[in-house]
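Asker: sequence plus predicted model, see below.
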Number of protein chains: 2
Amino acid sequence: MNYEEAKNKFISTWGSLGTLWGINKAMAQIHALLLISPDPLSMEEIMEELQISRGNTSMNLRQLIDWGIVFKENKMGERKEYFTSEKDVQELSRQIAKERSRRELKPTIKVLKDVSNIKEDGTAKTEELIKQTKALHDMADTLDIMMNKVIGQDHNWITKTLVKLIK
Amino acid sequence: MNYEEAKNKFISTWGSLGTLWGINKAMAQIHALLLISPDPLSMEEIMEELQISRGNTSMNLRQLIDWGIVFKENKMGERKEYFTSEKDVQELSRQIAKERSRRELKPTIKVLKDVSNIKEDGTAKTEELIKQTKALHDMADTLDIMMNKVIGQDHNWITKTLVKLIK
DNA sequence: TTTAATTTTCAATATTTTTTGAAAGTTTGG
DNA sequence: CCAAACTTTCAAAAAATATTGAAAATTAAA
């Protein structure tokens, strides 16, 4: 596999993985491209490389910037904007975990809390609803804490130690 | 919020969460319904409750069974099949983690491994590609181990201890 | 067997999500 | 201020995904 093949394989794989994670293909591919590009790229270059439209590129770049994993850069003497991605995968996973927690976990936790707090009425179905939503609430809460703390903080040693311990 | 409202809220929330996690709405809602139902339900009952077609119900039930989180049951003297879900959320998360690892993480890890193994050619772009895909490979590998070991095994105490430690 | 109950399959349809591209908006050098 | 360079917006089109429903397949009771 040469450079060109490897690059394409990486970009397209990252793109499909993104889809599976609720991130659209263009967004994931732009990210992949910037991640392996040694220098910042302009919008034109991204469009050209990935064969996607200007509008698509613009919207997805903006979203990546919102997520905090892509940054704008300006080259002196140039009017065009250039883009570059967060290169530290630790920081990357932290941002992604944060975003997913905010968009997916937090709202679910709220609903589970509300639902599990309805009052008992002595019926089996109500009891089951409360029991199961409570259990899910605890789980979601634990997962949320882990995502925001374990993955988030800089104590990468916890991860490493843990992995060695259980591998 | 009364029982009926709480139930509907739970089912529809679980349904949208599913979508976000790459599980379709019907599948997630069927699962939610079975999870809070004290007794096994027939296909008719599921269709009726969720207002979905027979085909849809059949296909998604089958997938839930494949995932190992829903089971068939037979009532004596009855021809119809009844369905019930895994009620232990610990076991549930284990099955889901396993399935997601198999379908999402494992193939990605393989590609990252292949891509990061292309040979150096002295150019900056090749160096960057190798460096970043190696880093992602390590991360994906760690995540995979954690999903299959920490969430998977029965040592729930690790989770609990860890959460207390870092909360 | 035969038949009736039940489940599965899958082409057609509907829905949702993504992408396009051209018009509108913004920024900056002259 | 004007005009060129560039970016954003968003309605329409395309693509991807999910759902339907009726025909085919399966199962088991009679």
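Answerer: On my side now, so go ahead.

Asker: which residues touch stretch A:123-136?
Answerer: A:112, A:115-116, A:118, A:120, B:3, B:6-7, B:10, B:35-38, B:87, B:89 (Cβ atoms under 8 Å, 6 or more residues apart in numbering or on different chains). In short, each C-beta sits where N, CA and C put it, glycine included.

Asker: export only the CA atoms of the longest helix seen in chain A, formatted as CSV.
Answerer: Taking DSSP state H as the criterion, chain A has its longest helix at helix A:124-146. Provided in CSV are the C-alpha atoms of helix A:124-146 (Å, rounded to 0.1, in the frame of the first residue of the first chain):
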residue,chain,number,x,y,z
ALA,A,124,-46.6,-4.5,38.5
LYS,A,125,-46.2,-2.5,35.4
THR,A,126,-45.6,0.8,37.2
GLU,A,127,-43.1,-1.0,39.5
GLU,A,128,-41.3,-2.4,36.5
LEU,A,129,-41.1,0.9,34.8
ILE,A,130,-39.7,2.6,37.8
LYS,A,131,-37.2,-0.2,38.5
GLN,A,132,-35.8,-0.4,35.0
THR,A,133,-35.6,3.3,34.4
LYS,A,134,-33.8,3.8,37.7
ALA,A,135,-31.3,1.1,36.7
LEU,A,136,-30.8,2.8,33.3
HIS,A,137,-30.4,6.1,35.0
ASP,A,138,-27.7,4.8,37.2
MET,A,139,-25.9,3.3,34.3
ALA,A,140,-26.2,6.4,32.1
ASP,A,141,-25.0,8.5,35.0
THR,A,142,-21.9,6.3,35.5
LEU,A,143,-21.2,6.3,31.9
ASP,A,144,-21.5,10.1,31.7
ILE,A,145,-19.1,10.5,34.6
MET,A,146,-16.6,8.1,33.1
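
Asker: pull out the buried positions in that helix.
Answerer: A:126, A:128-130, A:132-137, A:139-146 (16 or more other Cβ atoms under 10 Å in any protein chain shown).

Asker: could you report the pLDDT at the residue of chain A positioned farthest from its centre?
Answerer: Centroid-distance maximum for chain A: A:Gly122 at 42.6 Å, with Cα atoms, centre = their mean. Among the per-residue scores, A:Gly122 shows a pLDDT of 94.

Asker: what's the answer for the one 5 residues further on, then?
Answerer: Per-residue confidence for A:Glu127 comes out at a pLDDT of 97.
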